[in-house]
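J.: Build me a model:
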Amino acid sequence: MNYQRITKILRTAPDSEVPELCNELFQASHRENVVDTAHVKRSRQDPCAYPVAGLRNAQFVFQSGLASLGEWDFRSDMKKVKVPALVLEGAETHVPLSEAREWVKSLPDARFLLIPDAGHAIFIDQSEAVISAMDEFFRGNWPAEPSKFRSAHLHPSRETTGKSYPVYAAPQH
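T.: Reported below is the predicted structural model:
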């Protein structure tokens, strides 16, 4: 069942069916953000462990909140950041990697780390690689060596143009 159809059914489904529909909706919404939806089951979170009224309204609240943001572009504000920044993205993301690289270019002292075998929700697909990279970064180091990551083998990324880029590169200004 697809995302829009589940959302429509959720509005009028009997209360007893709402938790299962919630689980289907959660799986459908994460399908585009993870490499393997089975990874979502490793999460400690149970997104459907709430009262039925909350489950019925959660998607509408989320969509309304997202719509209220309007068009936004943080790049000019990012130039003011005075601390190092580490931008992480999954190699199998649906987000164009050029956008992640734009963030890196906008930050004065940033690096880009591409996590293999992960979609946009890298913390779900490759939690250990993300934690390892963040741990290294928070200790004041740039996670430059692939061997430092316990569960990931880093490799060059491929843009839609077919060009190859370094996984971990200083911003080009």
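J.: Spatially nearest residue to residue 79, not counting backbone neighbours?
T.: Leaving aside its chain neighbours, residue 79 sits nearest to residue 106 (5.9 Å; criterion: C-beta to C-beta, 6 or more residues apart in numbering). Using the backbone N, CA and C atoms, a C-beta is placed for each residue, glycine as well.
J.: wouldn't the one you found be in contact with residue 85 here?
T.: No: between residue 106 and residue 85 there is no contact under C-beta atoms under 8 Å: 9.5 Å.
J.: With neighbour numbers in mind, choose between the two.
T.: Between residue 106 and residue 85, counted using other C-beta atoms under 10 Å, residue 106 has the larger neighbour count: 21 against 17.
J.: give me phi/psi at the more buried one?
T.: Phi and psi for residue 106, reported as degrees, to the nearest 10, are phi -80, psi -20.
J.: What separation do you get for it and residue 70?
T.: 20 Å (C-beta to C-beta, to the nearest Å).
J.: How about residue 114?
T.: Distance, residue 114 to residue 70, using C-beta to C-beta: 29 Å.
J.: These two: which has the busier surroundings?
T.: residue 114 (26 against 6).
J.: Walk me through the domains of this protein.
T.: 3-68, 75-169 (automatic domain parsing).
J.: for the chain, what's the longest helix?
T.: helix 52-68 (DSSP state H).
J.: where does this structure have low pLDDT?
T.: Along the chain, the parts satisfying pLDDT under 70 run over 1, 144-173.
J.: Give me the most central residue, it.
T.: Centrality entry for the chain: nearest residue to the mean C-alpha point is residue 121, 3.0 Å, by C-alpha atoms, centre = their mean.
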